[in-house]
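Asks: 3D, please:
(one chain, ligands or ions: 2)
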Amino acid sequence: MLFILSGPSGCGKSTLARKTLAQLKGLDFSVSHTTRRRRKNEEDNKDYHFVTKDEFEALIKAGKMVEWAEVHGCFYGTSYKELEKKGAGFDLLLDIDVQGAMQIQGRVKKAVFVFILPPSFSELKRRLIDRGENSPEEIRNRLEIAKKEIRQYPQFDYVIINENLESAVKELKSVVTSTRCMLSMRQKRIRPIIQSFSEEEAG
Ligand code: ADP
Ligand code: 5GP
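Replies: Ligands and ions are numbered 1, 2, ... in the order given. Have a look, this model is predicted:
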């Protein structure tokens, strides 16, 4: 199953993704392509596939991207290859912006959409400032975009309010775990169990 984690910049997507991936087995991270510059703590092909604008445009032209968007002045996108790299039965977590999440709806048969809401506008602002990665101008821009992005929450299956981090991680893990319990996801394991009931004698 694909789990699409989305929400405004600074709401805590990557923090939640990192913690959930570390705590849940069988869940992998979808490595996006991006044209933005690599940060010091990031690794190529692990955090992102870092590419040039020309390389990114060539991927789009060749129809290799399932979704892509220009986010805060750089290009970001998910390739079909990334979604296919894991076989059936494996879960993949996508940390993508709201425009990308909207594109995935309708292009992918099965996906669970999770919207991350910050507890308030002022807390989102505080988190962006405290993160210390963006200039005041960039922060203002992100907050303006956030005002539009949060209106999309009704398009999602789940909404997690990231107030207390540990509770939010617990909720995201519950979304993944409960999806794994769905009848449609369990058929492979159910069949031999049901079969055993018709093969073995009661006495
Ligand atoms: P996003 O990936 O959505 O842009 P981040 O994961 O980078 O957001 O989080 C933005 C900032 O908020 C980071 O400095 C992170 O440590 C902090 N943060 C995330 N979740 C919480 C939380 N529940 N409470 C307080 N701070 C948080
Ligand atoms: P950052 O540069 O902070 O890593 O990410 C900036 C924004 O780009 C975040 O909102 C993140 O969710 C989004 N993003 C990351 N990968 C993708 C992707 O593959 N597609 C889209 N549409 N957005 C992405």
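Asks: name the element whichever residue of the chain sits closest to ligand 2 belongs to?
Replies: Nearest residue of the chain to ligand 2, counting by CB to the nearest ligand atom: G100, 2.3 Å away. Backbone N, C-alpha and C define where each C-beta goes, glycine included. For G100, the host element (DSSP states H and E) is helix 98-104.
Asks: what's next to that helix, contact-wise?
Replies: Counting by CB atoms under 8 Å, 6 or more residues apart in numbering, the neighbours of helix 98-104 from elsewhere in the structure are 2, 4, 6-8, 66-69, 71, 76-78, 94, 96, 111, 113, 149, 152, 155-156.
Asks: does that helix come close to ligand 1?
Replies: No: residues of helix 98-104 are not located near ligand 1 by CB under 6 Å from any ligand atom, the shortest gap being 10.9 Å.
Asks: any part of the very next helix or strand once past that helix near ligand 2?
Replies: Counting by DSSP H and E, the element after helix 98-104 in chain order, helix or strand, is strand 111-117. No: for a cut-off given as CB under 6 Å from any ligand atom, strand 111-117 has no contacts with ligand 2; the smallest distance is 9.7 Å.
Asks: could I get the average pLDDT for strand 111-117?
Replies: Mean pLDDT, taken over the full extent of strand 111-117, equals 97.
Asks: which neighbouring elements make contact with it?
Replies: Counting contacts by 3 or more CB pairs under 8 Å, 6 or more residues apart in numbering; DSSP states H and E, strand 111-117 packs against strand 2-6, helix 98-104, strand 158-161, helix 165-180.
Asks: export it to CSV, keeping only CA atoms.
Replies: Listed in CSV are the C-alpha atoms of strand 111-117, where the atom choice follows Å, rounded to 0.1, in the frame of the first residue of the first chain:
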residue,chain,number,x,y,z
ALA,A,111,-3.3,4.6,-1.7
VAL,A,112,-4.1,6.0,1.8
PHE,A,113,-4.0,9.8,2.1
VAL,A,114,-2.9,11.3,5.4
PHE,A,115,-3.1,15.0,6.0
ILE,A,116,-0.9,16.5,8.7
LEU,A,117,-2.3,19.5,10.4
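Asks: quick check: angle from that strand to strand 2-6?
Replies: Direction vectors for strand 111-117 and strand 2-6, defined by axes from the mean of the first three to the mean of the last three CA atoms, to 10 degrees, enclose an angle of 20 degrees.
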